[in-house]
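> turn this into a structure:
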Amino acid sequence: MNIDFNVWASIALMHFVAVVSPGPDFAIVLRQGLQKGLRAALWTSLGIGTGILLHVSYSILGISLIIKTTPWLYNALLYIAAAYFIWIGINALRSKSQAQNQDDSADTTQTRGLWYKAFSLGFIVNGLNPKATLFFLALFTAAIPAETSLNTQIFYGVYLACATAVWFCFLSFVTTISKIRTAYQLHGHWFDRLMGIVLIGMAIFLLL
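Below you'll find the predicted structure:
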């Protein structure tokens, strides 16, 4: 495996700009952390990181290019992603006010048994994001030289997945800051509704 550190640095920079930009992943992790607690947010973050491996896999295999150059397939992906984001957004809009002194321990017990739901949420949101498809298509066709070995491409892909998971795990810990948690307990249903509007807006943006 022959790693070009200049290529790696350029990949890391492009990925950093992409991953810190607000998007569906950002909105979901923030909502999970504030609504369901740290454990759920961390599992969702790991799901998002694992979803990156899906994009990396079909980019290496060239399937992403097929998706991009096949209009009906790409449109189907757009519609599925938009519908899923709208569904999550509508559920968020239906959020109700919570008691100020919410028992976080009960919530932690619940998420311990339902970790797979939090993980699946992150994986599906990232895996269905067509903008991620385009990003990895551009990355593996433009930023990574064509002569790069398969092992090196896999290394880059694993790095991107791990870096994504680390970023969103950090974001998950931000949601545990006491002032943020207190504000959410008081006005969390308004935040949920705002996130619902954001997700529905992203779905409309994808369709347009």
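
> residue contacts, the residue positioned nearest the centre of the chain?
Central residue of the chain (C-alpha atoms, centre = their mean): D25, 2.8 Å from the mean position. Contacts for D25 (C-beta atoms under 8 Å, 6 or more residues apart in numbering) come out as 19, 48, 122, 125-126, 129, 164, 168. No exception for glycine: its C-beta is placed from N, CA and C like everyone else's.

> run the last query once more with 10 Å
19, 44-45, 47-49, 51-52, 122, 125-126, 129, 132, 164, 167-168, 171 (C-beta atoms under 10 Å, 6 or more residues apart in numbering).

> just the ones of the residues you listed in helices?
19, 44-45, 47-49, 51-52, 122, 125-126, 132, 164, 167-168, 171 (DSSP state H).

> may I ask which two of those residues are separated the most?
A132 and L171 (17.0 Å; C-beta to C-beta).

> those two - which one has more neighbours?
Counted by other C-beta atoms under 10 Å, A132 and L171 do not tie: A132 has more neighbours, with 25 against 19.

> list the residues that contact that one.
18-19, 23-25, 48, 51-52, 54-55, 64, 81, 125-126, 164.

> and if you look at Y84?
24, 124-125, 127-129, 199, 203.

> number of residues surrounding G122?
28.

> follow-up on the earlier one: which helix or which strand is home to the residue nearest to the centre of the chain?
Element membership for D25 (DSSP states H and E) is helix 24-36.

> what's the answer for W72, then?
helix 71-93.

> which positions within that helix qualify as buried?
74, 77-78, 81-82, 84-86, 88-89, 92-93 (16 or more other C-beta atoms under 10 Å).
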